[in-house]
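Attaching a predicted model along with its sequence, questions to come.
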Amino acid sequence: MKKIILVLLALSTLAFAKLEWGIDYDGAIKQAKAENKKVLVMLSREGCPACEYMKDIVFENGKVVLELKKGYVLVMIDIHNDFVPTNLSYYGTPTFYMLDGNEKKLDRIDGGVNTKTFLEHLEKLK
């Protein structure tokens, strides 16, 4: 019984932890490859309402946090202030890419989406 409680406590702590976004695309690819994880790249920009929605609503959801912490290395790239890798295009912000450790594109999301839709994208890549 103690083990079950400890596991549930650990999971709940993880679920309410903040996501840590890096800015080093190349480092994220290397880390993902080493840890057998995927990379989630968020192409963003300052003043983007849909980007703020994703940060404030979707990325605060416990299920989303758990899935991303378990299986992804996170990178946020400001399209105006950071280098955007040539293999990542965008029409607007946010644009999300799910990549493997070899930079293979697994999925793309254009624009802000609700939590359910974002989770469906993560689920299809399991």
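Yes, it's here.

so Met76 sits right up against Leu19, yeah?
No: the pair Met76 / Leu19 is not scored as a contact, 9.6 Å apart, by C-beta atoms under 8 Å. Every residue, glycine included, has its C-beta placed from N, CA and C.

Quick check, central residue of the chain?
Nearest to the mean C-alpha position of the chain, counting by C-alpha atoms, centre = their mean, stands Leu40 at 4.1 Å.

looking at this, that one is in a helix?
No: the assignment for Leu40 is strand, going by DSSP: H, G, I helix; E, B strand; the rest coil, so no helix is present there.

The protein: strands as residue ranges?
38-44, 72-78, 95-99, 105-110 (DSSP state E).

what lines up beside the third one in the sheet?
What it means is strand 95-99. strand 38-44 (antiparallel), strand 105-110 (antiparallel) (DSSP bridges).

Next, the angle strand 72-78 makes with it.
150 degrees (axes from the mean of the first three to the mean of the last three C-alpha atoms, to 10 degrees).

Please save the CA atoms from strand 95-99 in PDB.
Extracted in PDB, the C-alpha atoms of strand 95-99 (Å, rounded to 0.1, in the frame of the first residue of the first chain):
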ATOM      1  CA  THR A  95       3.800  25.800 -35.200                       C
ATOM      2  CA  PHE A  96       4.800  22.600 -33.500                       C
ATOM      3  CA  TYR A  97       7.000  19.800 -34.800                       C
ATOM      4  CA  MET A  98       7.400  16.400 -33.300                       C
ATOM      5  CA  LEU A  99      10.700  14.900 -34.400                       C
END
